[in-house]
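# Predicted model and sequence below, questions to follow.
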Protein chains: 2
Amino acid sequence: MSILIVGTTALDSIKTPHSENPRLLGGSASHAAVAASFFAPVNLLGVVGDDFPDEYIDLYKKHGIDLTGLEKASGNTFHWEGEYEVNMNNRQTLETDLGVIEEWMPTLGDDLTDKDYVLLANCAPQLQHHVLKQMKQPKFVVADTMDLWLNIARHELEALLKEVDCLVLNDSEARQFMEEDNVVVAAQRLHKFGPKYVIVKKGEHGSILSGPSGLFIAPAFPLNKVIDPTGAGDSFVGGLVGYLASHEGDIEKNLRQAIIHGSVTASFCCEGFGLAATTEATRKQIDQRIEQLKEMIAF
Amino acid sequence: MSILIVGTTALDSIKTPHSENPRLLGGSASHAAVAASFFAPVNLLGVVGDDFPDEYIDLYKKHGIDLTGLEKASGNTFHWEGEYEVNMNNRQTLETDLGVIEEWMPTLGDDLTDKDYVLLANCAPQLQHHVLKQMKQPKFVVADTMDLWLNIARHELEALLKEVDCLVLNDSEARQFMEEDNVVVAAQRLHKFGPKYVIVKKGEHGSILSGPSGLFIAPAFPLNKVIDPTGAGDSFVGGLVGYLASHEGDIEKNLRQAIIHGSVTASFCCEGFGLAATTEATRKQIDQRIEQLKEMIAF
């Protein structure tokens, strides 16, 4: 079954102590769509400006991503500039230019509103909700978010969560959301806002799922070298939803495998700037890492 | 088979935002010995002062710990005073009084030097080495350490590591030791100092084993409430060595199970001040949590 993914389609300028990487393809929807494309057909819903390079369109196409929902508007593409310290866990936003996504509230055609799997990748909750309301009868809806929206659009985020099956956020955001230092407790309490499933991302430490059958503790794939973690969380949810869409049957039954597949897909993302490593990965390599990971957690 | 555990036998005064807990039984050897006692016979090697309460001797005895090696010296028992913030990951040492352990360099009787499993729980590397040199033919030697010794006794620590089978340390210490931000890489590089096995403790995020057959990624048992993590790392190594000593055969084959048993034993430690919760736990409860953990990581 196919997936609708909405979120940001951006240009990211990423500095590290050793290099500068201007205007790479980035954004939550770009990372999520490429990750999901390893598993299932993907429809990308997003907006870019007239400065958006053709080569990035080609990259989407290389992954078989349906671009019916990718709008080209007059103005600049959303641009994010960030700098990482030596410790890749610390990054600083240097500049953000929302560009054409600032006012964008798309109307979806019938060819997009009938998708079974919906991934509301990280973007304004108002936009996520606007898209979700147009979907006819989605089977499973996943929303990713970030601290920015907790700070400036909490009310809108809470309204959205009432209609979402699965919320994904990182550990510091879960703590902030619930004003609770214990991540396990925070995850379990987040259900009260609506989502049946809550997934807390912990970066290199893996993730935790809280759902009707209790907790699932998922490892991350250990990496000897992290080049650029930008988009790893988006790749995680993309791989996760991609796996679900490609496996019929009970969500409850498939969600753990989906998390592992998302986690491993995200590991490739960290191994190159922007989408450089993800786009070179293959489904076979993903499956190999999953087998390696199984071996690394067996006891 | 029985275990020799050497380390600190201390009195810990632990403050939290909500309570003060003066002069609890603590120290690396106390926590490790009680944890190991769930699995195998334990010989405790340590020194206490004449202020050491009889009730703590009774607590050791309740766990069947052999106290032949516990010396009573004239002076104060090692005393540590620390304060935790609301976030239990942040703690501050308020005062340390080494007391009788400062000059202690024990000579072991034949009844102690023939033990097969040796746990050099966290204490000065000089003391750890002094004890290890007296052991006749240990089957497996584990050493735990901390940042203090990296700072003030690195040379002695490196000398010790040449003769140790397994080094255990936490993630920030592994980073510091190897001047390497990536914990996975730091763990793998630590072998060059001697240990065949290196285990990096990551607190609530579990631990990583690096050994001849690659990496093992171990989860921590998720806790809804952490009362006091003091001694959790010591309980981890204690449970680990206890499990190994109670399971004949190939170390390589048993080490992963041993890490899981250590991890779960440590989870009880976090649920009470000092040894309060560990000492109330039962082997049956440990086994139950291991079954629960298996369920929580299955996919």
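Thanks, I have it.
# can you pull the pLDDT of the spatially most central residue of chain A?
For chain A, the residue sitting closest to the mean C-alpha position, by C-alpha atoms, centre = their mean, is A:Asp234 at 2.3 Å. On the pLDDT scale, A:Asp234 is placed at 98.
# Please identify the helix or strand for it.
Using DSSP states H and E, A:Asp234 falls within helix A:232-245.
# Show me which residues of the stretch 1-150 of chain A sit near chain B.
Within reach of chain B by C-beta under 8 Å from any C-beta of the partner chain, the stretch 1-150 of chain A has these residues: A:Val86, A:Asn87, A:Met88. All C-beta spots, glycine's among them, are computed from the backbone N, C-alpha and C.
# I'd like to know which of these are part of strands.
Secondary structure from DSSP state E places none of the residues of the stretch 1-150 of chain A next to chain B in strands.
# Now restrict those residues to buried residues only.
Among those, the ones that count as buried by 16 or more other C-beta atoms under 10 Å in any protein chain shown are A:Met88.
# export the residues of the stretch 1-150 of chain A next to chain B to JSON lines and tack on distance to A:Glu280 and pLDDT?
JSON lines is the format used below for these (distance: C-beta to C-beta, whole Å; pLDDT from 0 to 100):
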{"residue": "A:Val86", "distance to A:Glu280": "25", "pLDDT": "79"}
{"residue": "A:Asn87", "distance to A:Glu280": "26", "pLDDT": "76"}
{"residue": "A:Met88", "distance to A:Glu280": "20", "pLDDT": "76"}
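# which one among the residues of the stretch 1-150 of chain A next to chain B gets closest to A:Met1?
Nearest to A:Met1 out of those is A:Met88 (C-beta to C-beta; 35.2 Å).
# any idea how far the nearest residue to that closest one once chain neighbours are set aside is from B:Leu127?
The spatially closest residue to A:Met88, leaving aside those adjacent along the chain, is A:Val226, at 5.0 Å (C-beta to C-beta, 6 or more residues apart in numbering or on different chains). Using C-beta to C-beta, to the nearest Å, A:Val226 is found at 38 Å from B:Leu127.
# Can you show me the CA trace of whichever strand or helix holds A:Leu4 as CSV?
If you go by DSSP H and E, A:Leu4 is part of strand A:3-6. Extracted in CSV, the C-alpha atoms of strand A:3-6 (Å, rounded to 0.1, in the frame of the first residue of the first chain):
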residue,chain,number,x,y,z
ILE,A,3,2.0,6.3,1.7
LEU,A,4,1.4,10.0,1.7
ILE,A,5,4.2,12.0,3.3
VAL,A,6,3.9,15.7,4.1
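# Mind checking the pLDDT average for stretch A:5-18?
In this model, stretch A:5-18 has an average pLDDT of 94.
# what distance separates the start and the end of it?
Terminal residues of stretch A:5-18 are spaced 33 Å apart (C-alpha to C-alpha, to the nearest Å).
# since we're on the residue of the stretch 51-200 of chain A found nearest chain B, how many residues are nearby?
Distances between the stretch 51-200 of chain A and chain B by C-beta to the nearest C-beta are smallest at A:Val184, namely 4.5 Å. Other residues near A:Val184 come to 20 when the count uses other C-beta atoms under 10 Å in any protein chain shown.
# doesn't B:Phe221 make contact with it?
No: in this structure A:Val184 lies outside contact range of B:Phe221 using C-beta atoms under 8 Å: 10.1 Å.
# ok, which stretches of chain A are strands?
Applying DSSP E to chain A gives strands spanning A:3-6, A:10-15, A:20-26, A:42-48, A:70-72, A:79-84, A:91-97, A:117-120, A:140-144, A:166-170, A:197-201, A:207-211, A:214-218.
# Run the angle between the second one and strand A:79-84 for me.
For the pair strand A:10-15 and strand A:79-84, the angle between their directions (axes from the mean of the first three to the mean of the last three C-alpha atoms, to 10 degrees) equals 30 degrees.
# Give the other helices and strands that strand A:10-15 contacts.
Counting contacts by 3 or more C-beta pairs under 8 Å, 6 or more residues apart in numbering or on different chains; DSSP states H and E, strand A:10-15 is packed against strand A:20-26, strand A:79-84.
# what's the answer for the last one, then?
Counting contacts by 3+ C-beta pairs under 8 Å, 6+ apart, the secondary-structure elements packed against strand A:214-218 are strand A:207-211, helix A:251-269, helix B:283-297.
# same question, the fifth one
Applying 3+ C-beta pairs under 8 Å, 6+ apart, we find strand A:70-72 packed against strand A:42-48.
# Please enumerate residues in contact with the strand it packs on?
Here strand A:42-48 makes contact (C-beta atoms under 8 Å, 6 or more residues apart in numbering or on different chains) with A:2-9, A:27, A:29-30, A:33, A:36, A:60, A:63-73, A:77, A:100-101, A:104, A:106, A:108, A:112, A:115, A:131, A:242.
# beta partners for A:Gly214?
Beta-bridge pairing for A:Gly214 (DSSP bridges): A:Gly211.
# can you count the residues close to it?
12.
# Please report the distance of it from A:Ala187.
Taking C-beta to C-beta as the criterion, A:Gly214 is separated from A:Ala187 by 11 Å.
# Check A:Glu20 too.
To A:Ala187, A:Glu20 is 37 Å away according to C-beta to C-beta.
# Comparing those two, which residue is more hemmed in?
For A:Glu20 versus A:Ala187, neighbours defined as other C-beta under 10 Å are more numerous around A:Ala187 (28 against 10).
# Does that one touch A:Arg175 like I think?
No: the pair A:Ala187 / A:Arg175 is not scored as a contact, 10.0 Å apart, by C-beta under 8 Å.
# now the helix holding A:Asp234 against strand A:166-170, angle please.
Calculated by the same axes, to 10 degrees, helix A:232-245 forms an angle of 160 degrees with strand A:166-170.
# where in the stretch 151-299 of chain A is pLDDT low?
Under the criterion of pLDDT under 70, none of the stretch 151-299 of chain A is flagged as low confidence.
# Chain B contacts on that one?
Residues of the stretch 151-299 of chain A lying near chain B (C-beta under 8 Å from any C-beta): A:181-185, A:188, A:202, A:204-206, A:208, A:214-219, A:222-226, A:256-257, A:259-260, A:293, A:295-299.
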